[in-house]
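A.B. asks: Pasting the sequence and the predicted coordinates here, then a few questions.
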Amino acid sequence: MALYRFRVTFEDYDDVMREIDVKSNQTFEDLHRAIHQSTGYNSEYPSSFYISNDQWMKGEEITYLPNQKRIDRRVPLMDNVKLLSFIDDPHQKFYYTFNFDRPFDFHVELMKIILEEKPGTVYPAVIKSVGEAPKQFGNIPTVPIVPPEGDDFDFLNEMGISEEDTEDFSEVTDTGEEDDEVKKVEDEEDDEFGNEFPDDEGFEDEGKLSGGEDY
């Protein structure tokens, strides 16, 4: 039985590469699982191979764990399609998308056709591995940590203010001296206006005038 040797590379990670030998009568699902045996990923996620040209343009689709739209379109399933059904070029290419929710895209290229199996080898077989695959779920956003109840809220750290920046703020202490200064200024203002416009100004003169008038 002939073997297909595929080179599998991440579209976005040039330094990661795998070479995998697969029997010509094995299925696309066999290749799908072999890829993730080599990356360490859980393979049980919706994925698809696409027949591709030299520019990695997507053509006919072959899928795994299809959604309803793919079922309605009757997209062929990986476990039903043998690799030899779509190998008509000695450098056949497949564009492969793994896990549509958090996708990794791969380029899968046929490197050579080997006419004899290696005795004692179980296929598919990963024969070359270069570089470490990125983490399968490495882009999960971090959740802000809420400080435990009772802990003081660190205002300066939360607002990104350094100790040097605090010099720009007016110093406020717990002694109440600032409040005393404000009260003193207000009292001085009251005295200033009070001297200028005393409350009893003119009352004495009015009394004299009203008492001295003859009717």
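C.D. replies: Okay, I see it. Everything quoted here is computed from the prediction, not taken from an experiment.

A.B. asks: Break the protein down into its domains, please.
C.D. replies: Domain ranges of the chain: 3-130, 155-199, per automatic domain parsing.

A.B. asks: ranking those domains by burial, who's on top?
C.D. replies: Burial of these is given as mean neighbour count (mean count of other CB atoms under 10 Å); domain 3-130 ranks first at a mean of 16. C-beta: built from backbone N, CA, C; applies to glycine.

A.B. asks: Give the rounded mean pLDDT of that domain.
C.D. replies: Taken as a whole, domain 3-130 carries a mean pLDDT of 97.

A.B. asks: how about TSV for the domains of the chain, with distance to Phe137 added?
C.D. replies: Listed next are the domains of the chain as TSV, based on distance: least, CB to CB, whole Å:
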stretch	distance to Phe137
domain 3-130	7
domain 155-199	29
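
A.B. asks: List just the one of those domains that sits closest to Gln136.
C.D. replies: Proximity to Gln136 (CB to CB) singles out domain 3-130 among those, at 4.7 Å.

A.B. asks: Kindly check the end-to-end length of the closest one for me.
C.D. replies: Distance between the two ends of domain 3-130: 21 Å, counting by CA to CA, to the nearest Å.

A.B. asks: could I get the longest strand belonging to the chain in CSV with only the CA atoms?
C.D. replies: Assignment by DSSP state E gives strand 104-114 as the longest strand of the chain. Output of strand 104-114 as CSV, limited to C-alpha atoms (Å, rounded to 0.1, in the frame of the first residue of the first chain):
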residue,chain,number,x,y,z
PHE,A,104,-5.9,27.5,13.9
ASP,A,105,-5.2,27.4,10.2
PHE,A,106,-2.8,24.9,8.6
HIS,A,107,-1.2,24.3,5.2
VAL,A,108,-1.0,20.6,4.4
GLU,A,109,1.1,19.7,1.4
LEU,A,110,1.9,16.3,-0.1
MET,A,111,5.7,16.0,-0.2
LYS,A,112,6.2,12.6,-1.7
ILE,A,113,4.5,9.3,-2.4
ILE,A,114,6.2,6.3,-0.8
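
A.B. asks: can you tell me how far Ser24 sits from Lys82?
C.D. replies: In this view, Ser24 and Lys82 are 8 Å apart by CB to CB, to the nearest Å.

A.B. asks: Let me fix that, I meant to ask about Glu60.
C.D. replies: Glu60 sits 14 Å away from Lys82, going by CB to CB.

A.B. asks: cool, and Pro46?
C.D. replies: 21 Å.

A.B. asks: do the same with Arg18
C.D. replies: According to CB to CB, Arg18 and Lys82 sit 21 Å apart.

A.B. asks: where along the chain do the strands fall?
C.D. replies: Going by DSSP E, the chain shows strands at 3-10, 17-23, 47-52, 58-64, 93-98, 104-114, 125-130.

A.B. asks: now the angle between strand 93-98 and the longest one, please.
C.D. replies: In this case it means strand 104-114. 140 degrees (axes from the mean of the first three to the mean of the last three CA atoms, to 10 degrees).

A.B. asks: All set now, cheers.
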